[in-house]
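S.K.: Fold the stuff below for me.
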Amino acid sequence: MYKFIQFSFLFMLLRFFWAYWVPFGNDEAYYWDWSRSLMLSYYDHPPMVAWVGKLGSLLLSDYSFHSRALVPVLHFLISILLCCITQNLSQKSSLSRSQYIAMFLMIQLAPIFSWGGVFLLPDIGLIFWVVLAVYIGIKILFSKDASVWAFIFWGVCAGMALNSKYHALVIMPFLYVYVWVKSYQRNHAGLFALAFLVACIVSAPLWVWNSQNDWVSFSFQTAHCFSGMNIDMIRGFRVIFAQLLLVSPFIFVSFFMVSLQGSKLQYGSLLRWLSVPLWVLLMCLAFVKEVLPHWVLVSYILSLPLIVLRVESISKYCKINFWVFGSLCLLVPFLAGSVTVTDFVSTKFLNSRPAGMGEITLWKKLKPIIDQEIKKTVKVNRSNCHQKIMMGSFRWWWTAQLSLLYPGHKLFNFDHKISFYDFRDKGVLEQLKGCPIMLVGQRKYYSSSRLSKYLSIQSKKNIAIPLHNDRESVIVHAIIL
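M.R.: Next up, the predicted model:
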């Protein structure tokens, strides 16, 4: 266990470098902006990702890195907790050397697990609190006299998981019911009621914010998952194939094996009850809705202890699997953060149309163009205007990325879809009447009719961004009405 912790710590340091090296994706920039405007909860997700980003920003001051600071630490703690869970389920004082190696390889070298310990996304908070709740739940299962404090902390973990991501609404009830039914203390209903009460209190920010905003987040997530369904077999199999690559074939196949086969472990079925229902739900949705491959990350994570306990020795298949996917896992972050490499790929292979890769390559190319435009801007001496030129864009991810580029400027979002910015900036524009604002965004999202409700357009300029021919953009100067 000591060597496992040592090597995991070294990989944590590597992830700190990756967190500094790899540019922010659109979602991360969005969550970073949340961390600058803390609320009880948010339209898109519960508040944990903003809390993690904010705590990270209190530790470091570099805008390109600070909000990711806690993510590698949480990944490190998850690694240790998974080993502890595996050891407790085996009811042995220690795992075998091969089992420690297997756990290390899976959590550190499977791409989706490894990269999940770098980027600021809601999943890292969900996984940490769910894994910690499982660890405490297993302790309660094996204890004939668990303390009141164990149940209180168990409730805290459940509440924090709910504050992390709505996936917890599927996972935590299974954990709660399983432990209650199987526990030696199942007749002590008061302790389980206490844990439930604590979970409700801890997750109160989520419930209070939604109650104040007509339960809009729940409505959004329900519609996001269950409305507008249409069967698309290719889309569904594409998600499954993406998982095969992201978790590696060894883990993907092993997940099915431990899910379908029985376990001789006393409480081995617990992890199947926690991982399989969510996986089945999301995979069914993948054939009728757009589902991202990483949404099922927590299901695979929860299956790792069962996979490890099947390991007797590191097979040749396992070694080849992690040589290939481990190399991919280690190489991609270094390449993604290299401007030379991404420019070469965009030019030689993508005809300067980087598509999804543009999410991390666009902004360094765009900044010099915006800087020149800011210098040309005439300042207006009005008491209600900001000293620095106010900026904005037409879609939420542009607004988030521009906020990351210009943290000292006030930015507004003029998106036709609801986002966090609608709640943050409610009523603010009315106080800035007559102030100048500069909008930057993709031309295809520019709508003069929509903007005319809020702004008086003064000028519009088309701009060309080097190596990003698929992002024809505009700069708009306007006055707030």
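S.K.: For the stretch 151-300 of the chain, give me the ranges with low pLDDT.
M.R.: 185-187, 262-263 (pLDDT under 70).
S.K.: could you pull out the strands for the stretch 251-400 of the chain?
M.R.: For the stretch 251-400 of the chain, strands defined by DSSP state E, counting those that start in this stretch occupy the ranges 390-393.
S.K.: sec struct for Gly441, please.
M.R.: Classification of Gly441 by DSSP: H, G, I helix; E, B strand; the rest coil places it in strand.
S.K.: does it really touch Phe394, like I thought?
M.R.: Yes: contact criterion CB atoms under 8 Å: Gly441 and Phe394 qualify, at 4.1 Å. C-beta here means a position set from N, CA and C on the backbone, and glycine is covered the same way.
S.K.: so what sits against both of the two?
M.R.: Shared contacts of Gly441 and Phe394, defined by CB atoms under 8 Å, 6 or more residues apart in numbering, are absent.
S.K.: Which parts of the stretch 51-200 of the chain are helices?
M.R.: With helices called from DSSP state H, counting those that start in this stretch, the stretch 51-200 of the chain shows them at 70-90, 97-109, 111-115, 122-142, 148-162, 168-182, 189-202.
S.K.: ok now whatever helix or strand comes next after the last one, how far from the chain's centre?
M.R.: The reference is to helix 189-202. The helix or strand immediately downstream of helix 189-202 is helix 204-212, counting by DSSP states H and E. Centre-to-centre, helix 204-212 and its host chain are 21 Å apart (CA atoms, centre = their mean, to the nearest Å).
S.K.: list the buried ones in helix 204-212?
M.R.: By 16 or more other CB atoms under 10 Å, the buried positions in helix 204-212 come out as 205-207, 209-210.
S.K.: helices or strands up against whatever helix or strand comes next after that helix?
M.R.: Remark: after helix 204-212, the chain's next helix or strand is helix 216-226, criterion DSSP H and E. For helix 216-226, the elements it packs on are helix 204-212, judged by 3 or more CB pairs under 8 Å, 6 or more residues apart in numbering; DSSP states H and E.
S.K.: Pick out the residue closest to the middle of the protein.
M.R.: Leu121 (1.9 Å; CA atoms, centre = their mean).
S.K.: hmm, back to that, right, and the pair among the buried residues of helix 204-212 with maximum separation?
M.R.: Farthest apart among the buried residues of helix 204-212 by CB to CB are Pro205 and Asn210. That separation is 9.5 Å.
S.K.: so what sits against both of those two?
M.R.: In contact with both Pro205 and Asn210: Ser41, using CB under 8 Å, 6+ apart.
S.K.: Tyr398 against Gln442, yeah?
M.R.: For residue 398 the amino acid is Trp, not Tyr. Yes: using CB under 8 Å, Trp398 makes contact with Gln442 at a distance of 7.1 Å.
S.K.: neighbour count winner among those two?
M.R.: With neighbours defined as other CB atoms under 10 Å, Trp398 and Gln442 compare such that Trp398 has more, 27 against 18.
S.K.: which residues sit in contact with the more buried one?
M.R.: So Trp398 contacts 440-442, 445 (CB under 8 Å, 6+ apart).
S.K.: quick revisit: is it true that the residue nearest to the centre of the chain touches Glu28?
M.R.: Yes: if you go by CB under 8 Å, Leu121 and Glu28 touch, sitting 6.9 Å apart.
S.K.: Based on its surroundings, how many neighbours for Phe9?
M.R.: Look at Phe9: counted by other CB under 10 Å, it has 13 neighbours.
S.K.: ok, for it, nearest residue in space, not its chain neighbours?
M.R.: Closest residue to Phe9 apart from its sequence neighbours, by CB to CB, 6 or more residues apart in numbering: Phe76 at 6.6 Å.
S.K.: Would you indicate which residues of stretch 76-92 are buried?
M.R.: Buried, per 16+ other CB under 10 Å, within stretch 76-92: 76-90.
S.K.: same question for that stretch, mean pLDDT?
M.R.: Averaged across stretch 76-92, pLDDT comes to 92.
S.K.: likewise stretch 352-360?
M.R.: The average pLDDT within stretch 352-360 is 89.
S.K.: per-residue confidence for Pro466?
M.R.: 88.
S.K.: residues contacting it?
M.R.: Contacts of Pro466 (CB under 8 Å, 6+ apart): Lys365.
S.K.: one more time with 10 Å
M.R.: 343, 346-347, 352, 362, 364-366, 368-369 (CB atoms under 10 Å, 6 or more residues apart in numbering).
S.K.: isn't there a strand covering it?
M.R.: No: under three-state DSSP, Pro466 falls outside any strand and is assigned coil.
S.K.: Pull up the gap between it and Lys460, please.
M.R.: Applying CB to CB, to the nearest Å, the value for Pro466 to Lys460 is 21 Å.
S.K.: What of Leu132?
M.R.: Taken as CB to CB, the span from Leu132 to Lys460 is 52 Å.
S.K.: Between those two, which has more neighbouring residues?
M.R.: Neighbours were tallied for Leu132 and for Lys460 using other CB under 10 Å; the higher tally belongs to Leu132 (22 against 15).
S.K.: which residues sit in contact with the nearest residue to the more buried one once chain neighbours are set aside?
M.R.: What sits nearest to Leu132 in space, not counting adjacent residues and going by CB to CB, 6+ apart, is Cys157, at 4.9 Å. The neighbourhood of Cys157, defined by CB under 10 Å, 6+ apart, consists of 128-137, 168, 172, 175, 195, 198-199, 202.
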